[in-house]
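Engineer: Need the 3D shape of this:
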Amino acid sequence: MPDDAAAARAAAEEESAFSHPAVEPDSTAAYGDHPDQVIDFYAPHGERVPGQPAPLVVVLHGGAWRAPYDRRHITPFADFLARRGFAVANVEYRRGAALPAQRGTGPVAGRWPETFDDVAAALDALPALVREALPQADPRRTVLTGHSAGGHLALWAVSRHVLPKDAPWRTDAPAALRGVVALAPIADFTVAEKLAVCGGAAGQLLGGEATFAERLPYADPTLLLPTGIATTLVQGRADLEVPQAVAESYADAAAKSGEVVGLTLLEDVGHFPLIDPAADACAVVAEEIAQLAW
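Structural biologist: Next comes the predicted model:
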């Protein structure tokens, strides 16, 4: 259990991150028929290199894959990136609700297979949507990022070409990306379940004990390596929501597969400063994205 001081700091960090008003996008486009199958677009407010198109950052929000947490809470982060000269695509996707097959107290984490269906469909549709919505963007400089559960989805999305051959989301080749920056990702489901991360969210996402082992090879980033795509993890050492051990386990698995994954550990930083424009950690995240984008 965290001590009182650590818990108080974590609560203050969360309050700060959620204190910013939502920022409306410049435009929104649908990639499917469901109300959650939409992408918000933010045009760059400035140019890092005059005369050149802006790198594109694709954002996948967190919230333990649960329905109450939608893309609105990460719009200040999306706006923060746009103000630093990036074009931004903020992806929504279907999350968990009170499904008959996934009973529990409160919203469950994710929907199988809909959550994965949506992330795959969104990324497949993105190039055409970006050409229409963000002509300022350079799709050749695309970086995928995500926070917490969204960090998991980002790591999963760049590994679709190494999914089992019978996976419906498998692609023939790696995604055309400069890289992925995963922020406090739920990157190892086995470790996450041992630590009861987000109330056992990873287990809920995969449908519970009855289907966890069966679905794990299709969903767990540690089992989908190497990807061949530049990958950086950013993790607060003081994170009580998704502890450092989860990111370290993914980095270790990557190393064993022969792949080098960057792991940036931030002292005295918890879970939410990574997406809080008022926090120094958010500037670190933007710089990590820039390192890949440029």
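
Engineer: Tell me which stretches of the chain form strands.
Structural biologist: 27-30, 38-42, 54-60, 87-91, 137-147, 179-183, 231-236, 262-266 (DSSP state E).

Engineer: Name every strand pairing with the last one and say which way it goes.
Structural biologist: The one in question is strand 262-266. Strand 262-266 has the following sheet partners, assigned by DSSP bridges: strand 231-236 (parallel).

Engineer: who's in contact with the partner strand?
Structural biologist: Applying CB atoms under 8 Å, 6 or more residues apart in numbering, the contact partners of strand 231-236 are 151, 155, 158, 179-185, 187, 242, 244, 247, 250-251, 254, 259, 261-266, 268-271, 273-274, 281, 284-285, 288, 291-292. The way it works is simple: take the backbone N, C-alpha and C, and place the C-beta from them, glycine included.

Engineer: and if you look at stretch 254-274?
Structural biologist: Contacts for stretch 254-274 (CB under 8 Å, 6+ apart): 9-10, 13-14, 16-18, 147-148, 183-184, 225-228, 231-242, 244, 247-248, 250-251, 279-282, 284-285, 288.

Engineer: Identify the bridge partners of the residue nearest the centre of the chain.
Structural biologist: Nearest to the geometric centre of the chain sits Gly146, at 2.0 Å (CA atoms, centre = their mean). Beta-bridge pairing for Gly146 (DSSP bridges): Leu60, Ala182.

Engineer: residues in contact with it?
Structural biologist: 59-62, 152-155, 182-183, 185.

Engineer: Apply 10 Å and report the result again.
Structural biologist: Residues counted as contacts of Gly146 (CB atoms under 10 Å, 6 or more residues apart in numbering) are 58-62, 74, 91, 119, 152-157, 180-186, 275.

Engineer: leaving aside the residues next to it on the chain, what's closest to Ile186?
Structural biologist: His152 (4.3 Å; CB to CB, 6 or more residues apart in numbering).

Engineer: What residues does that neighbour make contact with?
Structural biologist: Contacts of His152 (CB under 10 Å, 6+ apart): 60, 62, 64-65, 110, 119, 146, 182, 185-189, 192, 201-202, 205, 219-221, 242, 246, 250.

Engineer: just to revisit the earlier point, how much space is there between the residue nearest to the centre of the chain and Ala157?
Structural biologist: Distance of Gly146 to Ala157, given as CB to CB, to the nearest Å: 8 Å.

Engineer: Which residues are in contact with each of those two?
Structural biologist: Joint contacts of Gly146 and Ala157 (CB under 10 Å, 6+ apart) are 58, 60, 91, 119, 180.

Engineer: which of these tops the neighbour count?
Structural biologist: Counting neighbours by other CB atoms under 10 Å, Leu60 comes out on top of the shared contacts of Gly146 and Ala157 with 32 neighbours.

Engineer: wait, isn't it in contact with Gly150?
Structural biologist: Yes. Leu60 lies in contact with Gly150 (CB atoms under 10 Å); the separation is 3.6 Å.
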